[in-house]
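Enquirer: starting from these lines, generate the structure:
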Amino acid sequence: MQNKKEINAGILIIGNEVLSGRTQDVNTSTLAIWLNSLGIPVAEVRVIPDDESIIINTVNELRKKYSYVFTTGGIGPTHDDITAESVSKAFNIEYGFHKEAFSILENYYKPGEFNEGRQKMAKMPVSANLILNPSSGAPGFYVENVFCLPGVPSIMKAMLGSLNNLLVGGEPILSETINLRTVESEIAKSLTEVQNNNSEVEIGSYPFFKAGKLGVSIVVRSVDKTKIDKCNSEILKFVKDKEIEIVER
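Expert: Reported below is the predicted structural model:
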């Protein structure tokens with residue numbers, strides 16, 4: 001993996017069902033929250049179809065840009081699950097039965113249940129490292145800095161814990177939220193001034209609608225708690241000056 005001053009990640013959501021809207025993507029949120037907790041900010045997210053050439057090209061592009069790449073989807077037993085073969089081609093590694101993965105699945109299923117479809121889940125880059133699956137047996141895998149996980153949210157989430165010790169992150173990214181009964185236009189100028197005074201802190205504003213009333217959540221993010229506190233105090237000062245109500249979400 002390339003040495004990078006900044007440790008970051010890209011997320012690649014693979015699946016026609018996500019693009020069509022039939023399946024709602026919740027994996028991006030799960031991965032981003034987990035990665036942020038490890039001090040690995042997510043720099044980019046893409047959603048792409050089950051198309052071999054697109055998967056190969058996108059994996060090769062992202063793995064050169066980011067410290068880590070996480071793919072979800074396309075490693076199951078059906079004909080349109082082509083992520084594992086596509087990643088093999090991206091790295092120019094033989095695609096076939098992974099001995100350890102085959103053994104795990106063979107032991108997982110009862111005699112006679114390990115059919116051809118399920119055997120397909122043991123096919124991947126033959127030299128890949130496995131990501132163990134405590135939920136449904138079928139392992140994910142990683143090659144260099146590309147980590148391939150299943151698309152089913154509950155299964156994917158259950159597999160993340162085994163990766164904690166593999167990833168090298170920075171300081172965990174902290175965040176605090178202030179919810180205001182106001183509109184963005186009312187605070188835009190003041191918020192810009194606070195952001196300009198605190199360039200190392202990321203400030204976002206997000207409108208919400210609750211109980212028939214509009215509000216704005218201000219989210220302050222940084223690896224440094226003292227910088228968040230300084231930012232918050234500047235925000236609370238203009239909130240007080242403008243007599244804006246602070247609300248609970």
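Enquirer: show me this structure divided up by domain.
Expert: 9-163, 174-246 (automatic domain parsing).
Enquirer: could I get these as a markdown table with mean pLDDT and mean neighbour count?
Expert: C-beta coordinates here come from the backbone N, C-alpha and C atoms, glycine included. Below are those laid out as a markdown table (pLDDT from 0 to 100; neighbours: other Cβ atoms under 10 Å):
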| stretch | mean pLDDT | mean neighbour count |
| --- | --- | --- |
| domain 9-163 | 95 | 18 |
| domain 174-246 | 93 | 14 |
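Enquirer: what about the longest helix in this structure?
Expert: helix 225-241 (DSSP state H).
Enquirer: run through the residues that contact Pro152.
Expert: Careful, residue 152 is Val; it's not Pro. Going by Cβ atoms under 8 Å, 6 or more residues apart in numbering, Val152 touches Ser136.
Enquirer: mind doing that once more with 10 Å?
Expert: Contacts for Val152 (Cβ atoms under 10 Å, 6 or more residues apart in numbering) come out as 23, 27, 72-73, 76, 135-136, 158.
Enquirer: return the subset of the residues you listed lying in helices.
Expert: Using DSSP H, the contacts of Val152 in helices are 27, 158.
Enquirer: out of the contacts of Val152, flag the one nearest to Glu17.
Expert: When the contacts of Val152 are compared for distance to Glu17 (Cβ to Cβ), Thr23 wins out at 4.1 Å.
Enquirer: wait, the closest one sits on Ile14?
Expert: No: counting by Cβ atoms under 10 Å, Thr23 does not reach Ile14; the two are 11.5 Å apart.
Enquirer: report the set of residues contacting both of those two.
Expert: 73, 151.
Enquirer: give me the element Val59 is part of.
Expert: helix 52-65 (DSSP states H and E).
Enquirer: which residues are contacting that helix?
Expert: 1-2, 4, 8-12, 14, 43-44, 46, 48-49, 51, 68-71, 73-74, 82-83, 85-91, 143-146, 148.
Enquirer: dump the residue contacts of the residue positioned nearest the centre of the chain.
Expert: When Cα atoms, centre = their mean is applied to the chain, the residue found nearest the centroid is Leu31 (2.9 Å). The contact partners of Leu31, by Cβ under 10 Å, 6+ apart, come to 9, 11, 13, 40, 42, 45, 70, 72, 147, 149, 156-157, 160.
Enquirer: what do you get for Cys148?
Expert: Residues near Cys148 by Cβ under 10 Å, 6+ apart: 12, 14, 59, 69-75, 83-84, 86-87, 124-125, 128, 131, 139-142.
Enquirer: same thing with Val26?
Expert: 153-154, 156-157.
Enquirer: how about these in JSON lines, adding distance to Leu167 and secondary structure?
Expert: Below are the contacts of Val26 laid out as JSON lines (distance: Cβ to Cβ, whole Å; DSSP: H, G, I helix; E, B strand; the rest coil):
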{"residue": "Pro153", "distance to Leu167": "20", "secondary structure": "helix"}
{"residue": "Ser154", "distance to Leu167": "21", "secondary structure": "helix"}
{"residue": "Met156", "distance to Leu167": "15", "secondary structure": "helix"}
{"residue": "Lys157", "distance to Leu167": "16", "secondary structure": "helix"}
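Enquirer: tell me the one of those residues nearest Glu234?
Expert: Lys157 (36.5 Å).
Enquirer: from the contacts of Val152, which is closest to Asn107?
Expert: Taking the contacts of Val152 together and measuring to Asn107 by Cβ to Cβ, the closest member is Ser136, at 13.6 Å.
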